[in-house]
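>>> need a structure here:
(chains A and B)
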There are 2 protein chains.
Amino acid sequence: MGSIEQTAEVRYTRADGLAEALRGADALFVYDFLSTAVPDAWHGADRLRWLHIASAGVDPVLFPELRDSDVVLTNSRGVFDDPIAEYVLGVILAFAKDFAGSLRLQDEARWQHRETERISGTHALVMGTGPIGRAIARMLRAAGMKVAGVGRRAREDDPDFGTVHASDRLAEHLPAADYVVAVAPLTEQTKGIFNATAFAAMKPTARFVNVGRGELVVTGDLIEALRSGQLAGAALDVFDTEPLPADNPLWSMPNVLLSPHMSGDFIGWRNTLVEVFADNFRRWTSGLPLRNVVDKTLGYVPSPPQER
Amino acid sequence: MGSIEQTAEVRYTRADGLAEALRGADALFVYDFLSTAVPDAWHGADRLRWLHIASAGVDPVLFPELRDSDVVLTNSRGVFDDPIAEYVLGVILAFAKDFAGSLRLQDEARWQHRETERISGTHALVMGTGPIGRAIARMLRAAGMKVAGVGRRAREDDPDFGTVHASDRLAEHLPAADYVVAVAPLTEQTKGIFNATAFAAMKPTARFVNVGRGELVVTGDLIEALRSGQLAGAALDVFDTEPLPADNPLWSMPNVLLSPHMSGDFIGWRNTLVEVFADNFRRWTSGLPLRNVVDKTLGYVPSPPQER
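Next comes the predicted model:
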């Protein structure tokens, strides 16, 4: 932030000082990207023109007053793409090779041979065709999996996915998948899309991976599907309540791999997020178009035509 | 084995009946490929012409009498290549993304964010340039890693590795590697090659992966390197004594991922191994050249020229 401090008056604040700090501010950089403080402090935004968030998902700041305002919203698209793709491939391999089983046997010093699964030739369905979903598709394909996407519009010639199914027909395509990966932005259309009906449509041998937002899932339905054996496993990095309360049954389910919203958080990510903001800040003060401008109606940055 | 029983008299035996079953037998299929029974029963081999083993490594049957005999030795090259490659990529991602840490925190219902490592751009050194090593090299490269090999002869134009270093200069190339993968055949040249000197040459942040043979490693030296922090971690699927005794310190080391000699054992592998033998048996009875003939002096199947 050093270079920015030479150009602008920079105010650093926590949630409780945000309304006051916003008064007279032209731009807001939301570094704590899961904070829900912005709507509550919005009354202080008397001349704000630009809000940048240090995340890919913009749902925490996409409240009606921001949406209906002229404030430009940008995100940190790109930073998390490949790290999250590595994470997703990792959890898929962890399921296939039963690493959790190996670790639990190791803790007991028990030598117990098992046969494990191949991932080559298995089918992944990736819900979300933004840059993170694309990086996941490329990584899983490189590792020998067959991949299809789920996005707003169906198409057959997508460069990363090949086939993309329309999200309103998700249920039809779930039965073919060995792995279902949720990485869609959280919008009115996607909220709770992974519910009892969706889980019932999946193979009993399928695993569900959520690296998007917890609210894409009806958590009670997921727990029930995992308990009943309707679904073989889940790797969950995001939850509808974070931190996940210690009494949530997901913690102790043997077929769940749980991590605390960190799938994209590689060593150095915080510096990278500041650099992404600083780059956009230089563009803003130079009168250049901002990068990663969110379509506030869609709830995400529309892909350039070649990625559609 | 049904089709073979129509052509030949098939005797099934365990170790204790092997010497007797060998009398008068033309071919021996060693299905229990870790058995050490063959040398002890060798006095019964009065007309044996062919020995086929249901594994890639032939070290359990490469005793002097077999080596000096005219008995042709074939192995099950190819069956384990891609499954082991998936396994190796999986353990590398498990280290990078700290899945063991996540599982241990999950057992305590503790939400503890960590920053994790990328694998993209990291360096893997694969000791062993046979088909399994090649499959590993292709898989790690596909996932964004930089890979070099270690084999008998140095070369720069290998189709899978690019650069292959000569194994007698292994120590010079260890310091550059983030991951060192052992998958060489066990021979007089490779036995104990991963010793205190080798581990001392590795980065303190490096991880060691053994999917070859336990005897490639001086186990005490590995344990000491892991204890002292000279090495950051190890994923071990093979051991100099198997099953690994319950009092071996490796079981309880937090930076070790341990599995019971199963990295290539995908669901269906046993049938595939029988099919590989049956295919060679048909070739043998038809007078065709056998597949996967081991060079008993080298201790493995020499690669065809294009793979050298």
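
>>> residues of the stretch 201-308 of chain A that sit close to chain B?
A:242-244, A:246-248, A:251-252, A:256-263, A:265-269 (Cβ under 8 Å from any Cβ of the partner chain). (Each C-beta comes from the backbone N, C-alpha and C, glycine too.)

>>> and the residues you listed, which of them are in strands?
Judged by DSSP state E, strands contain the following of those: A:Val256, A:Leu257, A:Leu258.

>>> not counting sequence-adjacent ones, nearest residue to the last one?
Put plainly, it is A:Leu258. With sequence-adjacent residues excluded and distances taken as Cβ to Cβ, 6 or more residues apart in numbering or on different chains, A:Leu258 is closest to B:Gln106, at 4.8 Å.

>>> one more: A:Glu172?
A:His165 (7.5 Å).

>>> dump the residue contacts of that neighbour.
Contact analysis of A:His165 by Cβ atoms under 8 Å, 6 or more residues apart in numbering or on different chains lists A:Leu125, A:Ala148, A:Gly149, A:Val150, A:Gly151, A:Ala154, A:Glu172, A:His173.

>>> can we see that at 10 Å?
A:His165 makes contact with A:Leu125, A:Met127, A:Ala148, A:Gly149, A:Val150, A:Gly151, A:Arg153, A:Ala154, A:Arg155, A:Glu172, A:His173, A:Leu174, according to Cβ atoms under 10 Å, 6 or more residues apart in numbering or on different chains.

>>> which of those tops the neighbour count?
The residue in the contacts of A:His165 with the most neighbours, by other Cβ atoms under 10 Å in any protein chain shown, is A:Val150 (30 neighbours).

>>> what's near enough to touch the residue nearest to that residue when sequence neighbours are not counted?
Distances taken as Cβ to Cβ, 6+ apart put A:Met127 closest to A:Val150, at 4.3 Å, once the chain neighbours are dropped. Residues counted as contacts of A:Met127 (Cβ under 10 Å, 6+ apart) are A:133, A:149-151, A:165, A:167, A:170, A:173-174, A:177, A:180-184, A:190, A:193-194, A:198, A:210, A:212, A:216.

>>> and the residue of the stretch 201-308 of chain A nearest chain B?
Chain B sits closest to A:Pro243 of the stretch 201-308 of chain A, with a gap of 3.7 Å, by Cβ to the nearest Cβ.

>>> and the residue nearest to that residue when sequence neighbours are not counted, how close does it get to A:Val218?
Nearest residue to A:Pro243, sequence neighbours excluded (Cβ to Cβ, 6+ apart): B:Trp111, at 3.7 Å. Separation of B:Trp111 from A:Val218 (Cβ to Cβ, to the nearest Å) stands at 21 Å.

>>> same question, A:Asp160
Noted for A:Asp160: a distance of 28 Å to A:Val218, by Cβ to Cβ.

>>> re earlier: ChimeraX command for the buried members of the residues of the stretch 201-308 of chain A next to chain B?
In ChimeraX, a selection of the buried entries from those looks like this (16 or more other Cβ atoms under 10 Å in any protein chain shown):
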select /A:244,248,251,256,257,258,259,260,261,262,263,265,266,269
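
>>> I figured the residue of the stretch 201-308 of chain A closest to chain B hits B:His113, correct?
Yes - counting by Cβ atoms under 10 Å, B:His113 is a contact partner of A:Pro243 at 8.9 Å.

>>> quick check: neighbours shared by those two?
Common neighbours of A:Pro243 and B:His113 (criterion: Cβ under 10 Å, 6+ apart): A:Pro260, A:His261.

>>> how about stretch A:5-20: buried residues?
For stretch A:5-20, the neighbour count (16+ other Cβ under 10 Å) marks A:Leu18, A:Ala19 as buried.

>>> the residue nearest the centre of chain A in helix, strand or coil?
Nearest residue to the geometric centre of chain A (Cα atoms, centre = their mean): A:Gly212, 2.7 Å. In three-state terms, and counting by DSSP: H, G, I helix; E, B strand; the rest coil, A:Gly212 is coil.

>>> quick check, it in contact with A:Pro185.
Yes - A:Gly212 is within contact range of A:Pro185, at 7.3 Å (criterion: Cβ under 10 Å).

>>> residue contacts, A:Trp251?
A:Trp251 touches A:Leu244, A:Pro245, A:Leu258, B:Leu105, B:Gln106, B:Asp107, B:Glu108, B:Ala109, B:Arg110, B:Trp111, counting by Cβ under 10 Å, 6+ apart.

>>> so the last one sits in a strand?
Meaning B:Trp111. No - counting by three-state DSSP, B:Trp111 is not part of a strand but coil.

>>> so it touches A:Phe239, yeah?
Yes - the pair B:Trp111 and A:Phe239 qualifies as a contact (Cβ under 10 Å) at a distance of 9.3 Å.

>>> which SSE is A:His165 in?
Using DSSP states H and E, A:His165 sits in strand A:162-166.

>>> starting at the chain centroid, how far to that strand?
How far strand A:162-166 lies from its chain's middle: 19 Å, per Cα atoms, centre = their mean, to the nearest Å.

>>> show me what the spatially closest residue to A:Thr163 that is not a sequence neighbour is bridged to.
Distances taken as Cβ to Cβ, 6+ apart place A:Ala148 nearest to A:Thr163, at 4.7 Å, with adjacent residues excluded. Per DSSP bridges, the residues bridged to A:Ala148 are A:Leu125.

>>> for chain A, what are the low-confidence residue spans?
A:304-308 (pLDDT under 70).

>>> helices of that one, start to end?
A:2-5, A:18-22, A:37-41, A:64-68, A:81-96, A:99-107, A:131-142, A:170-173, A:196-201, A:219-228, A:269-285 (DSSP state H).

>>> just name the most buried of the ones you listed.
Burial of the helices of chain A is given as mean neighbour count (mean count of other Cβ atoms under 10 Å in any protein chain shown); helix A:81-96 ranks first at a mean of 26.

>>> quick one: that helix near chain B?
Yes - Helix A:81-96 lies within reach of chain B by Cβ under 10 Å from any Cβ of the partner chain, at A:82-83, A:85-96.

>>> can I assume A:Pro249 is in contact with A:Leu226?
Yes - counting by Cβ under 10 Å, A:Leu226 is a contact partner of A:Pro249 at 8.9 Å.
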